[in-house]
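Attaching a predicted model along with its sequence, questions to come.
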Amino acid sequence: MLFKALSAAVYGIDAYLVEVEVDESAGMGNFLTVGLPDAAVKESKERIKAAIKNCGLDYPFQNITINLAPADIRKEGSAFDLPMAIGILGTSGTS
């Protein structure tokens, strides 16, 4: 299932929209982030997993692919954790 959320980021002094697209599919529980993320964005897997579990919700044990578009601009920091978590919960049907 595909879920889209909108976020924003700053590039220099300009702000731009970032589409966070989350796809969940059957598999071994792999987590992949694409769209030119830096190290902090790639590490968000553990922060998101801990936050979902600490809210009393079940973290899906499926393959999760997250696309941060546009792919030509580097995404930095932990500001994408919330839209990524919302996308994961949205694909799994958690309301």
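Thanks, I have it.

Report pLDDT for Arg74.
We have a pLDDT of 89 for Arg74.

For it, grab the count of nearby residues.
Using other C-beta atoms under 10 Å, Arg74 has 13 neighbouring residues. C-beta here means a position set from N, CA and C on the backbone, and glycine is covered the same way.

Around Glu76, how many other residues sit close by?
Considering only other C-beta under 10 Å, Glu76 is surrounded by 16 other residues.

my guess is it contacts Lys42, does it?
No - look at Glu76 against Lys42 with C-beta atoms under 8 Å: they stay out of range, at 11.0 Å.

Could you pull up the contacting residues of Leu36?
Contacts were defined as C-beta atoms under 8 Å, 6 or more residues apart in numbering; by that measure Leu36 touches Leu68, Ala71, Asp72, Ile73, Arg74, Lys75.

distance of it from Phe80?
Using C-beta to C-beta, to the nearest Å, Leu36 is found at 12 Å from Phe80.

Which of the contacts of Leu36 fall within strands?
By the criterion of DSSP state E, membership of those in strands covers Leu68.

Mind jotting down where the strands sit in the protein?
2-11, 14-25, 31-34, 63-69.

Tell me how far the residue nearest to Thr94 when sequence neighbours are not counted lies from Ile73.
If the residues on either side of it in the chain are set aside, Thr94 comes closest to Leu57, at 5.8 Å by C-beta to C-beta, 6 or more residues apart in numbering. Look at Leu57 and Ile73: by C-beta to C-beta, they are 31 Å apart.

count of neighbours near Met1?
For Met1, using other C-beta under 10 Å, the count is 11.

pretty sure it contacts Pro60?
No - using C-beta under 8 Å, Met1 makes no contact with Pro60, being 10.4 Å away.

most neighbours per residue, which of the strands of the chain?
The highest mean neighbour count among the strands of the chain, using mean count of other C-beta atoms under 10 Å, belongs to strand 63-69: a mean of 19.
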